[in-house]
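# sharing a model that was predicted from the sequence below.
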Amino acid sequence: MQQNKIVIKGSDTNIDNLLQIENSKIGRTIDTRGMSCPYPSFESVKAMKAIDTEKDGYCVEIITDSEESALKSIPSVCEKRKWQFVVLEEAIGLWRVRIGK
Amino acid sequence: MLMSEQKEEQEVHIVLISNEPGRAYSALVLALGTVTMGAKCKLYCTMSGLDIVKKGGASKITMLGAPSLDKYLHDAIEAGVQVTACGPSKEMLKQMGITADNLEPGVEFEDVIGFLTAALPASKKGGMVLFI
């Protein structure tokens, strides 16, 4: 599952910056599959507020089966809160979004 | 944990006018979305929407395929949504079986003047007041 990751969206147009978020240490992973709106975004913010970037790691990873959440909602929330993010498409209908401050 | 940003000025004030799941769910989804976006949110439950804030009331409100409404309510309160209940008169509340002791923790009574005291300045600076 890990091999076929494709970066499809991010907070930066520079791929190196996006890969930096992608390759940074994951502080917390949240599986939001099956959750209804607005829980994938809500849980993302909650996790970002809860992690200690010094101790736990730099980013939060959100697993989602919602295209709307992966491509629109979570990116919008990140833009509003000025967080960096990268969206990885892992399989058909499955995305991982990594968010860093 | 508070989810709104301290510097964020924008506010959304929601007035819930019914216990119907279609309205109650919409109101709480909007409230959760508001704090997710970093804005401040207040949910004012008027008389016909008081079942939601009565202790245990929200757990009886359900919608197909979604968790029961109490999850939404508790998450909203925990995330900093201010939830208030209309308390027009003691007699009306008594008739509806509502007292300060059987309100959900974190919910407070407020009359329409209390609601407007917060909603008027919020709308003046670009906030939203919504009736659901």
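Yep, that arrived.

# what does chain A put close to chain B?
Within reach of chain B by Cβ under 8 Å from any Cβ of the partner chain, chain A has these residues: A:36-39, A:41-42, A:45-46, A:49-50, A:76-77, A:80-81. C-beta here means a position set from N, CA and C on the backbone, and glycine is covered the same way.

# how much space between the closest residue to chain A within chain B and B:Met128?
Taking Cβ to the nearest Cβ, chain A has its nearest neighbour within chain B at B:Gly33, 4.3 Å off. Here the criterion is Cβ to Cβ, to the nearest Å. By it, B:Gly33 lies 12 Å from B:Met128.

# next up, the contacts around residue 37.
Looking at chain A here, since you left the chain open. A:66, A:68-69, A:73, B:29, B:33 (Cβ atoms under 8 Å, 6 or more residues apart in numbering or on different chains).

# oops, wrong one, chain B.
A:76-77, A:80.

# other residues contacting the helix or strand of chain A with the lowest mean pLDDT?
Using mean pLDDT, DSSP states H and E, the weakest-scoring helix or strand in chain A turns out to be helix A:15-23, at a mean of 77. With contact meaning Cβ under 8 Å, 6+ apart, helix A:15-23 is reached by A:5, A:7, A:10-12, A:58-59, A:84-86, A:88, A:98-100.

# in that helix, which residues are buried?
Neighbour-count burial for helix A:15-23, counted by 16 or more other Cβ atoms under 10 Å in any protein chain shown, picks out A:18, A:21-22.

# now do the residue nearest to B:Glu108 when sequence neighbours are not counted against A:Arg98, distance only.
Residue nearest to B:Glu108 in three dimensions, not counting chain neighbours: B:Thr84, with 5.5 Å by Cβ to Cβ, 6 or more residues apart in numbering or on different chains. Separation of B:Thr84 from A:Arg98 (Cβ to Cβ): 38 Å.

# neighbour count: the two, which is higher?
Taking neighbours as other Cβ atoms under 10 Å in any protein chain shown, B:Thr84 and A:Arg98 compare with A:Arg98 leading, 23 against 19.

# separation between the more buried one and B:Phe109?
For A:Arg98 relative to B:Phe109 (Cβ to Cβ), the value is 44 Å.
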